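> need a structure here:
(one chain, ligands or ions: 1)
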Amino acid sequence: MRMYDIISKKRGGGELSQEEIQFFIDGYVGGDIPDYQASALMMAIYFQGMTERETANLTMSMARSGEMVDLSSIDGVKVDKHSTGGVGDKTTLIIAPMVASLGVRVAKMSGRGLGHTGGTVDKMESIPGMKTALDRETFFDIVRKVGVSVIGQSGNLVPADKKLYALRDVTATIESIPLIASSIMSKKIAAGSDCILLDVKTGSGAFMKTVDDSVRLAEAMVSIGEHVGRRTVALITDMDRPLGNAIGNSLEICEVCETLRGRGPKDLTAICVELAANMLYLAGHGSVEECRGLAKGQIENGGAFQKLREMVAAQGGDVSVLDDNSKFTQAAVRREIPARKDGFLHAMNTEECGIASVELGAGREKKEDPIDFSAGIVLHKKVGDRVAAGESLATFFTSSQEKCNEAEKLFRTAVQISAEPPAEIPLVHARVT
Ligand code: URA
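Numbering: from 1, shown residues only. Coordinates of the predicted model:
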C-alpha cells in the first residue's frame, strides 16, 4: 500500500477502506508517514468529506492507537459526557454527582481551558488539595466506592489525535465535521464508558457558531457511537451567552455549590437537569421525562451535593470550601462594571466575555501560563434583562487595576444594550439520537 495512492483516492472523492485508514494511522503514529503527506490527506478529507463508515473506521483506528481504558472491573453502567467547550460551562461538576448519586458510574477524564473557554480540570484545581492526576487504580477505586471521579487526561490515550490535532491546527483543517467528530469520539471511546452524552455547544462562544453546523457535528458523532456499539445521545445547547453567572475557576465552583443546593441560576440549573436526565436515560433509568424528575430530586434532597463532597474528599480536596465558599482565596481587586445607558441587555458576545476573563487571569494565553484561580467575572445581568444606567452589569475579580482596565474594554465591546428586548433563544436547540 502507498500513502500517495490513499491521498489521491480521497482527493478524487473515493471511500477509503478500513485497511487504508489503518495503514495511514499506523504509519503516521509510527513516524513512517511524514507530516506533508498526512496534511495532504487532511486537506483532501476537508474538501471531500467522509462517509459514515469511513468516519467510524477512522475513529476506531485512532482510538486503538494508544491505551484503551477497560472499565469492566467497575460494576454498573458507566456513562461519560463531553462538552465541545464554552464560557462558564461548569456542568460536569454538577451533573456527574447528580447522576452518580442515583447509581450511574462516572469515570471521567476532562480537559484544561483552551483559548477563551474554561476547563473542568482547572476549575477543580481551584479547590485546595484537589488532585486531578491519579493513577488508574486509585481512579477506578474512587469510582467503585464513591460512584464518580473526574481527573485530567492521563496515560497514552489516542496518540493519533494528539499528532493529527496539532497538524490540523497549523494546516487550516480543523473545521471538518468528520475530522472533529472522529477526534472527539476516539477520545471518548478510548476512555471506556458504555454510553456517551454529548453537549454540543452552539453560538458566539462555541466552536460551532450555527445550530445547523452543530446538528451536523452531533449527527456525525452519534452515528460513530452507533457504528461502534456505544449508546450516544447529543444535545445542542446554547452558548450565545455565558452559562450561569460565574466565569472563572473558584467563582464557578461557588456557583456549582449554589446550584447543587437548589439556589443556582435558572439557565444553568435547567441545562444541568436536561443533561443529567439524558445521562440517566442512557443508563436505563426510564424515559427522559422520568429522568428529569429524578435529576431534580437529587438537587432537592441534597444527594447530589453530598456526592460532590464525597468525590472532592476522595481526591484529596478541602471539603470545607464547598460548605463555606468564603474560605476560597479572595481576589485582591474587585470592580463593578456599571451600565452606561438604560435599556435591555440585547446580546453578549460570549467569546469576547471569555477573553475578558482570561485577561483578568482566569485562563491561559499560552499552555504554560499560570492561572489565577480567584480571577474572573460574575454577571449580574443576563441577555434579556432590563438595565438602568449606573446599575452594575458585572463584578470583575483580579489581581491588578491594569488587568481590570483591559478586561473592561473587552467586556464593554461584548455587551450590547438596546431599547428593545431581544428575541428569546432556547437553552436546548435540539436533541440528536
Ligand atoms: N475538539 C477536539 O477534541 N477535536 C477537534 O477536532 C475539535 C475540537
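> what's the nearest residue to T55 if we skip its chain neighbours?
P178 (4.4 Å; Cβ to Cβ, 6 or more residues apart in numbering). Heads up, the C-betas are built off the backbone N, CA and C, glycines and all.
> Counting neighbours, what do you get for that neighbour?
Using other Cβ atoms under 10 Å, the number of residues around P178 comes to 22.
> Let's see the helix or strand harbouring it as CSV, backbone CA atoms only.
Counting by DSSP states H and E, the element that carries P178 is helix 177-190. Extracted in CSV, the C-alpha atoms of helix 177-190 (Å, rounded to 0.1, in the frame of the first residue of the first chain):
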residue,chain,number,x,y,z
ILE,A,177,-17.0,17.6,10.5
PRO,A,178,-15.6,14.1,10.1
LEU,A,179,-12.2,15.1,11.5
ILE,A,180,-13.7,16.9,14.5
ALA,A,181,-16.2,14.0,15.1
SER,A,182,-13.5,11.3,14.9
SER,A,183,-11.1,13.4,17.1
ILE,A,184,-13.7,13.8,19.9
MET,A,185,-15.2,10.3,19.7
SER,A,186,-11.9,8.5,19.6
LYS,A,187,-11.0,10.0,23.0
LYS,A,188,-14.4,9.1,24.4
ILE,A,189,-14.3,5.6,23.1
ALA,A,190,-10.7,5.0,24.4
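> chain center to it, what's the gap?
14 Å (Cα atoms, centre = their mean, to the nearest Å).
> Is any residue of the helix or strand just after that helix near the ligand?
Remark: after helix 177-190, the chain's next helix or strand is strand 195-202, criterion DSSP H and E. No - on the criterion Cβ under 6 Å from any ligand atom, strand 195-202 is out of touch with the ligand, staying 10.7 Å away.
> which strands and helices sit next to strand 195-202?
strand 79-83, helix 177-190, helix 211-227, strand 231-238, helix 266-282 (3 or more Cβ pairs under 8 Å, 6 or more residues apart in numbering; DSSP states H and E).
> switch to 6 Å and redo it
Packing partners of strand 195-202 (3 or more Cβ pairs under 6 Å, 6 or more residues apart in numbering; DSSP states H and E): strand 79-83, helix 211-227, strand 231-238, helix 266-282.
> Quick check: neighbours of the first one in the sheet, parallel or antiparallel?
Right, strand 79-83. As defined by DSSP bridges, the strand partners of strand 79-83 come to strand 195-202 (parallel).
> Let me know the angle separating the strand it pairs with from helix 266-282.
With axes from the mean of the first three to the mean of the last three Cα atoms, to 10 degrees applied, the angle from strand 195-202 to helix 266-282 works out at 150 degrees.
> Tell me how many other residues surround the residue of the chain found nearest the ligand.
As assessed by Cβ to the nearest ligand atom, the ligand sits closest to S183 within the chain, at 3.4 Å. S183 has 21 neighbouring residues, counting by other Cβ under 10 Å.
> which one is it nearest to, not counting chain neighbours?
D161 (5.2 Å).
> do the same with A331
Setting aside the residues directly before and after it, A331 is nearest to F397 in space (Cβ to Cβ, 6+ apart), at 3.7 Å.
> Tell me where the chain has strands.
79-83, 106-110, 148-152, 195-202, 231-238, 246-247, 333-338, 343-348, 376-379, 386-387, 392-398, 415-418, 428-432 (DSSP state E).
> Return the most buried member of these.
Of the strands of the chain, the one with the most neighbours on average (mean count of other Cβ atoms under 10 Å) is strand 246-247, at a mean of 30.
> what's in contact with it?
The contact list for strand 246-247 (Cβ atoms under 6 Å, 6 or more residues apart in numbering) reads V87, G88, E252, E255, S357, G376, I377, V378.
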